[in-house]
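Colleague: pasting the structure only:
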């Protein structure tokens, strides 16, 4: 641990927003016009090598300043600590932050404060991995089962998984890790694309993007639905005709429906041979998802959810009681890598494939590390598993994701792939960066 | 509606904190040292009569500034609207705020943003009731069933209660409203006290407060537990011996335990004849509460929860699937009166008594209106029902709660009883008010 002897001297946080609403990227049934954004964290240290930790949490524009404010409050618990102190009992340290006696009233472990915790811990993970000179997925893949278990706060989930059960899962897969790491380095982690069918795109754009994606080798496609049934049928038809009968197609309603509405609506879409319906209703409704899952089972359609699932306690219930077929972890919604690993282990125990949510800004960069670790150490399988990919905003990262043959290429650089370029951090700073100032001048925002 | 023609010209929000941690008020198993606080909202209008709307959302000190920031963001959706516009479709307006396409990513409908929504809508309710020259409970009690139903956003709960079912409940109780209003005006709404047994109090203080409460006529007592089993047994013994075998006693673990831990721990406390165990585990764990409820049923102990239940979707599941025996609504956790009414109606349909959470600062003042409305229009019963009361910080309100013979006296003044005194708003303003400046000078805070 000697190389980990650095102290966090300051935590800097920035409100970074991209005006994606100008082109309807990211539009869905519940989020018409969104500006992909991030509360961006930089941990400054006294490290001789000048290493910093970069982390972020994803937002949709408005309210990013609220998350920034929350990170400012969490900051007082972080600055002044050595990395070694944090890592000595990382799971315990994580718990001590989310259990802050005054702050936890604002959650607990959900919403703005939990997003803030995620951003801060994402930066700690980046810092740690850089100090170890490894990408996060490899840092994790080189840990002993005991070390991995020590990262987790098991509070409120021991009725679903105990530390001992977690250890057994990890130990069983330990001898064969090398084999899967080699496969990963050769072939990458399989991905699907959501870039072709946002709700705000015209039919011509849909067709065009579909053709382009097919020519790039994509075989799995997700379509946004839920605003208008007639439109959904037309759009699904276009996509299914374009991709042919054998490729995989999923739909995503982004929480638009009540339970019975979801079931009725989906009965009109089963004709398109769908792999899953994603977020059919409120992300808080465990029983609702179970009811929808039962109604969809005869059609071979699974229920997927998780990008808005607030913490491991809710995931426990979705995985164990909610009959979901796919668990969609998010690298910034859950409390960073620590809490995501808890969910991976529960998913493994209960036989639910993890198919991460990604997209937005930075989510692909981060979550690729978690799902690669999942494959090597936890699930030990690629069966029925696929990670979301969206082709937006990667150019703003120092170490952007790489996709080859519809698969994520394993990152090689040290860290969590979370560092944005300096020019991005200045140009897209809200509201004073150049991009925002010029939009303001053009009358496109801040009307 | 002519008298409702006023426009909201500005929304002012203040960070008000009380240094309650200096005397261990409010200490429990998860919140050792808390400073009862509020993000406090004032709606300024162009009303000729100078009427303003006062609202608040309750917090525990640190992080109040985060909620203030969230209210600043919500503000842009409120300022400039006339009260009439808001009330024309109040349920729809409420939905339009919680469904904001960019902000809802930070929840949805939970945590900091939902607390902010609650504070703002509490101020709207105060404004409305003042314009109608009625206390909020009476404003509600004079509405037609149709008007009441129009206040509610039924999104995500129609599988538990439809607008039609809600209407039927309200219509059934309509003819007998007057009888219950008369009882309420004569006898008030029954209360229990939590003031005697906070976790940080010494045994001598416990005994002393218990004697005092008995002499004031209290018959129902709640004890904080969960930090140390040995201490809990000793403290429960003191209380039970002091109050005698016939008075009601409840315990509250404030989310301290995992599921099996809760069951094991509670088996040591069943000897004290307890009415309920409150918040035994995570407020997100529906199945966990159901499991604890099953284990406690043979001992005649019910499970109570709700003060941290984030919204109507979670309450739906706790009430319908979670086997809770008592639903503890909170006037600031849920999205103001609108969302609370949805929960009252579901509780009525599924036969779960509502026993509100109160205390902190302002929660008693606000929630008394909701539970009085519940009695008159929804539950139509006082059986097995009781509202929490804590004897702190009422002196800061213009129209503080009144307790007589262990019951809340029905408020007579117009509004939501939510207005703090001008001197409080200046002295306790954080961190620049006189109280905080002098604590700073004494070295007691801001070390």
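Modeller: Thanks, I have it. It should be emphasised that the depicted structure is a prediction, and the values quoted were computed from it without experimental measurement.

Colleague: Just give the nearest non-adjacent residue to residue A:141, would you?
Modeller: Distance criterion C-beta to C-beta, 6 or more residues apart in numbering or on different chains; nearest residue to residue A:141, sequence neighbours excluded, is residue A:376 at 4.6 Å. Backbone N, C-alpha and C define where each C-beta goes, glycine included.

Colleague: and that neighbour, how far is that from chain B?
Modeller: According to C-beta to the nearest C-beta, to the nearest Å, residue A:376 and chain B sit 29 Å apart.

Colleague: any idea how chain A splits into domains?
Modeller: Chain A breaks down into these domains under automatic domain parsing: A:2-135+A:423-441, A:169-419.

Colleague: Can you name the residue of the stretch 301-447 of chain A nearest to chain B?
Modeller: Nearest residue of the stretch 301-447 of chain A to chain B, counting by C-beta to the nearest C-beta: residue A:313, 4.2 Å away.

Colleague: Over to chain A?
Modeller: For chain A, C-beta to the nearest C-beta, closest residue to chain B: residue A:111, 1.7 Å.

Colleague: Low-confidence bits of chain A, can you list those?
Modeller: A:1-2, A:25-26, A:445-447 (pLDDT under 70).

Colleague: follow-up on the earlier one: check which helix or strand covers the residue of the stretch 301-447 of chain A closest to chain B.
Modeller: helix A:312-320 (DSSP states H and E).

Colleague: what does the stretch 51-200 of chain A put close to chain B?
Modeller: Within the stretch 51-200 of chain A, the positions lying close to chain B (C-beta under 8 Å from any C-beta of the partner chain) are A:58-63, A:65-67, A:69-70, A:73, A:99-115, A:155-159.

Colleague: What distance do you get for residue A:280 to residue A:302?
Modeller: Residue A:280 is 11 Å from residue A:302, where distance means C-beta to C-beta, to the nearest Å.

Colleague: Kindly apply the preceding question to residue A:95 instead.
Modeller: Counting by C-beta to C-beta - residue A:95 and residue A:302 are separated by 33 Å.

Colleague: The two: who's more crowded?
Modeller: Shown here are residue A:95 and residue A:302; by other C-beta atoms under 10 Å in any protein chain shown, residue A:302 has more neighbours (22 against 16).

Colleague: give me every residue that touches the nearest residue to the more buried one once chain neighbours are set aside.
Modeller: Of all residues not flanking residue A:302 in the chain, residue A:325 sits nearest, at 2.9 Å (C-beta to C-beta, 6+ apart). Going by C-beta atoms under 8 Å, 6 or more residues apart in numbering or on different chains, residue A:325 touches A:276, A:293, A:302-304, A:352-353.

Colleague: for the stretch 101-250 of chain A, what spans make up the helices?
Modeller: Residue ranges of the helices in the stretch 101-250 of chain A, as given by DSSP state H, counting those that start in this stretch, are A:111-131, A:136-141, A:145-149, A:163-173, A:177-187, A:203-215, A:229-243.

Colleague: Can you tell me which helices and strands the last one packs against?
Modeller: In terms of contact count using 3 or more C-beta pairs under 8 Å, 6 or more residues apart in numbering or on different chains; DSSP states H and E, helix A:229-243 is assigned the packing partners helix A:203-215, strand A:220-224, strand A:248-252.

Colleague: Determine which stretch of these is the most buried.
Modeller: Of all the helices and strands packed on helix A:229-243, strand A:220-224 has the most neighbours on average by mean count of other C-beta atoms under 10 Å in any protein chain shown, namely a mean of 25.

Colleague: ok, residues contacting that strand?
Modeller: Against strand A:220-224 from outside (C-beta under 8 Å, 6+ apart): A:27-29, A:190-194, A:196-199, A:210, A:213, A:235-236, A:239, A:243, A:247-252, A:254, A:275, A:278, A:386, A:388, A:406.

Colleague: ok, residue A:341 touching residue A:150?
Modeller: No - in this structure, residue A:341 is not within contact of residue A:150 by C-beta atoms under 8 Å, at 10.6 Å.

Colleague: Of the two, which one has the most company?
Modeller: Using other C-beta under 10 Å, the more surrounded residue of residue A:341 and residue A:150 is residue A:341, with 26 against 17.

Colleague: Is it correct that that one falls within a helix?
Modeller: Yes - Residue A:341 forms part of a helix when assessed by DSSP: H, G, I helix; E, B strand; the rest coil.

Colleague: what sits against it?
Modeller: By C-beta under 8 Å, 6+ apart, residue A:341 lies in contact with A:140, A:148, A:151-152, A:370, A:373, A:378.

Colleague: residues near residue A:46, how many?
Modeller: With other C-beta under 10 Å as criterion, residue A:46 counts 12.

Colleague: Residue A:425: neighbour count?
Modeller: Residue A:425: 18 surrounding residues under other C-beta under 10 Å.

Colleague: Revised request: answer the last question for residue A:164.
Modeller: 9.

Colleague: Ok, the one 4 residues further on next?
Modeller: Residue A:168 has 13 neighbours, counted by other C-beta under 10 Å.

Colleague: what do you get for the one 3 residues further on?
Modeller: Under the neighbour criterion other C-beta under 10 Å, residue A:171 is assigned a count of 12.

Colleague: residues touching it, list them.
Modeller: Contacts of residue A:171 by C-beta under 8 Å, 6+ apart are residue A:145.

Colleague: Who are the contact partners of the most centrally placed residue in chain A?
Modeller: The residue lying closest to the centre of chain A (C-alpha atoms, centre = their mean) is residue A:330, at 2.6 Å. By C-beta under 8 Å, 6+ apart, the contact list for residue A:330 reads A:58, A:306-309, A:356-357, A:363, A:367.

Colleague: What about those, which are in helices?
Modeller: The helices, defined by DSSP state H, take in A:363, A:367 from those.

Colleague: Now, the contacts of residue A:330 that are in strands?
Modeller: residue A:58 (DSSP state E).

Colleague: just to revisit the earlier point, can I assume the residue nearest to the centre of chain A sits in a strand?
Modeller: No - per three-state DSSP, residue A:330 lies outside any strand segment and is coil.
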